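A.B. asks: structure for the following, please:
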Amino acid sequence: MIAVSPALLVIAHGSRDPRHAATVHALTGRVRALRPGLRVETAFLDFNTPSVGQALSSLYLSGVREVVALPLLLTRAFHAKSDIPAALAESTSRLPGLSVRVADVLGPSPLLLTALERRLAEAGLTPADRATTAVVLASAGSTDPEAIAVIAETAREWRRTGWCAVRPAFASAALPRTEDAVRALRAEGFARVAVAPYVIAPGRLPDRIAAGADAAGADVVADVLGAAPELARLLLRRFDAAATAPARLPALTA
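C.D. replies: Have a look, this model is predicted:
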């Protein structure tokens, strides 16, 4: 039987750290709960299974012919521009009649800022702390200038919501590091510094962010974004945009 509506394939990076896949599955489980009629599957680029090809083959064998592939990424860097399109092209070339539309990456979005606010609140900050707290927006990092520029603009947008300062930092590939950003804010006279990891799931780089924050004496270190309800809603927004406006989005069809 051929499925009529598109299925959602969430494509995560993958990690040797088992917390990564567990967090991704918790997030996709929340998406299913929000949209019970939507088929939602998960694939990984590396380290975890199923791969993108395995997941698409499974969907195809079950009758699915339309898929929205959603990169579980915060910026359009190498994985979004190269790895994911290559994996999707390989599958569509061997699965006749399979149509794959590619949704936008998650960032930037106001929902991501709301999720960051949620994690800081869970770490102990209150609305009254906003005007006296400097925040380090700590991302994984990238060599892609476009991705770095998006992180910097996200920090500027978040600063406009009332935090006394918001500075970007990176766990790899770009500077400053989290610990250096925390120390710089201290040197500028900010008494309270919080670190907000701008990453989706636990792993090596998020651990590096937390270690840097602790080493520099950050007052507050929030958790990763994880399966925050705002992320689940954002995934559905990206899916809906791709499913209803395919002419404006990349499409791969065998």
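A.B. asks: residue boundaries of the strands in this structure?
C.D. replies: Listed from the start of the chain, the chain has strands (DSSP state E) covering 7-12, 40-44, 66-71, 99-102, 133-139, 165-170, 192-198, 220-221, 251-253.
A.B. asks: other SSEs contacting the third one?
C.D. replies: Strand 66-71 makes packing contacts with strand 7-12, helix 52-61, helix 84-94, strand 99-102, helix 229-244 when contacts are defined by 3 or more C-beta pairs under 8 Å, 6 or more residues apart in numbering; DSSP states H and E. Every residue, glycine included, has its C-beta placed from N, CA and C.
A.B. asks: pipe those into CSV and attach mean pLDDT, distance to residue 30 and mean neighbour count per row.
C.D. replies: Listed next are the helices and strands packed on strand 66-71 as CSV, based on pLDDT from 0 to 100; distance: least, C-beta to C-beta, whole Å; neighbours: other C-beta atoms under 10 Å:
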stretch, mean pLDDT, distance to residue 30, mean neighbour count
strand 7-12, 98, 11, 26
helix 52-61, 98, 19, 18
helix 84-94, 94, 22, 17
strand 99-102, 96, 22, 22
helix 229-244, 97, 4, 19
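A.B. asks: as JSON lines, the ones you listed with distance to residue 124 would be great.
C.D. replies: Rendered in JSON lines, the data for the helices and strands packed on strand 66-71 read as follows (distance: least, C-beta to C-beta, whole Å):
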{"stretch": "strand 7-12", "distance to residue 124": "29"}
{"stretch": "helix 52-61", "distance to residue 124": "39"}
{"stretch": "helix 84-94", "distance to residue 124": "37"}
{"stretch": "strand 99-102", "distance to residue 124": "39"}
{"stretch": "helix 229-244", "distance to residue 124": "19"}
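A.B. asks: tally of neighbours for residue 73?
C.D. replies: 23 (other C-beta atoms under 10 Å).
A.B. asks: what's the pLDDT at the closest residue in space to it that isn't next to it in sequence?
C.D. replies: Excluding its sequence neighbours, the residue lying closest to residue 73 (C-beta to C-beta, 6 or more residues apart in numbering) is residue 105, at 4.6 Å. At residue 105, the model reports a pLDDT of 97.
A.B. asks: list the contacts of residue 105.
C.D. replies: Residue 105 makes contacts with 71, 73, 74, 75, 76, 80, 238, as judged by C-beta atoms under 8 Å, 6 or more residues apart in numbering.
A.B. asks: can we see that at 7 Å?
C.D. replies: Contacts were defined as C-beta atoms under 7 Å, 6 or more residues apart in numbering; by that measure residue 105 touches 71, 73, 74, 75, 76, 80.
A.B. asks: please report how far the nearest residue to residue 129 once chain neighbours are set aside lies from residue 14.
C.D. replies: Computed as C-beta to C-beta, 6+ apart, the closest residue to residue 129 that is not its neighbour in sequence is residue 192, at 7.0 Å. The span separating residue 192 from residue 14 equals 36 Å under the rule C-beta to C-beta, to the nearest Å.
A.B. asks: thinking again about what came up before, okay if I get the strands of the chain as CSV plus distance to residue 155?
C.D. replies: Formatted as CSV, these follow (distance: least, C-beta to C-beta, whole Å):
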stretch, distance to residue 155
strand 7-12, 24
strand 40-44, 29
strand 66-71, 22
strand 99-102, 27
strand 133-139, 5
strand 165-170, 4
strand 192-198, 9
strand 220-221, 17
strand 251-253, 33
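A.B. asks: got the contact list for residue 8?
C.D. replies: Listed by C-beta under 7 Å, 6+ apart, the contact partners of residue 8 are 38, 39, 40, 68, 70, 239.
A.B. asks: run the last query once more with 6 Å
C.D. replies: With C-beta atoms under 6 Å, 6 or more residues apart in numbering as the criterion, the residues that contact residue 8 are 38, 40, 68, 239.
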